[in-house]
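K.L.:
what's the 3D shape of this:
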Amino acid sequence: MKKAAMVGVIAATVLASGCAHRVADLTVGSTKNYNINSASFLKGDRVIGEDIVPVVLFPFGIPNVKTAVDNAIEKDRCAVGLTDLVITSLQQAFIVGRIGFRVEGNLIIDQEIDGCMARA
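P.N.:
Predicted coordinates:
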């Protein structure tokens, strides 16, 4: 009985384990076209965007950093990019689990976009 319990604990530990590796730290990043010379940018909230795919023996897709950045920027319709950007690779799979990318940064709000002028 003790042997079966020990095997169960080891199996649970392996299945629950994972890694997250910092891939990049960027001052500014964007996947959108915008006027970089605009004088109407504001620093917005800190947001997180992810692109994660499930794994069961093999991944069911290919995660993409661009999709993770897009998901973070699209949290606000007035955002055009991110500042203080951190990109992390997630590898949380051993037979089953998930892999992907997590992007975290502060939104860059462009007040020149229609309906975005009233920001403070």
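
K.L.:
what comes up buried for stretch 67-75?
P.N.:
Thr67, Ala68, Val69, Asp70, Asn71, Ala72, Ile73 (16 or more other C-beta atoms under 10 Å). No exception for glycine: its C-beta is placed from N, CA and C like everyone else's.

K.L.:
Just want the most central residue of the protein.
P.N.:
The chain has Arg102 as the residue nearest its centroid, 2.3 Å off, counting by C-alpha atoms, centre = their mean.

K.L.:
can you tell me how far that residue sits from Gly44?
P.N.:
18 Å (C-beta to C-beta, to the nearest Å).

K.L.:
can you give me the strands in the chain?
P.N.:
For the chain, applying DSSP state E gives strands covering 19-29, 41-56, 58-59, 79-94, 96-110.

K.L.:
will you turn these into JSON lines that also has mean pLDDT and distance to Met117?
P.N.:
Output for the strands of the chain, formatted as JSON lines (pLDDT from 0 to 100; distance: least, C-beta to C-beta, whole Å):
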{"stretch": "strand 19-29", "mean pLDDT": "86", "distance to Met117": "22"}
{"stretch": "strand 41-56", "mean pLDDT": "94", "distance to Met117": "11"}
{"stretch": "strand 58-59", "mean pLDDT": "89", "distance to Met117": "44"}
{"stretch": "strand 79-94", "mean pLDDT": "91", "distance to Met117": "15"}
{"stretch": "strand 96-110", "mean pLDDT": "93", "distance to Met117": "10"}
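
K.L.:
Most tightly packed of the ones you listed?
P.N.:
strand 96-110 (a mean of 20; mean count of other C-beta atoms under 10 Å).

K.L.:
got the angle between that strand and strand 41-56?
P.N.:
Here the directions of strand 96-110 and strand 41-56 differ by 170 degrees (axes from the mean of the first three to the mean of the last three C-alpha atoms, to 10 degrees).
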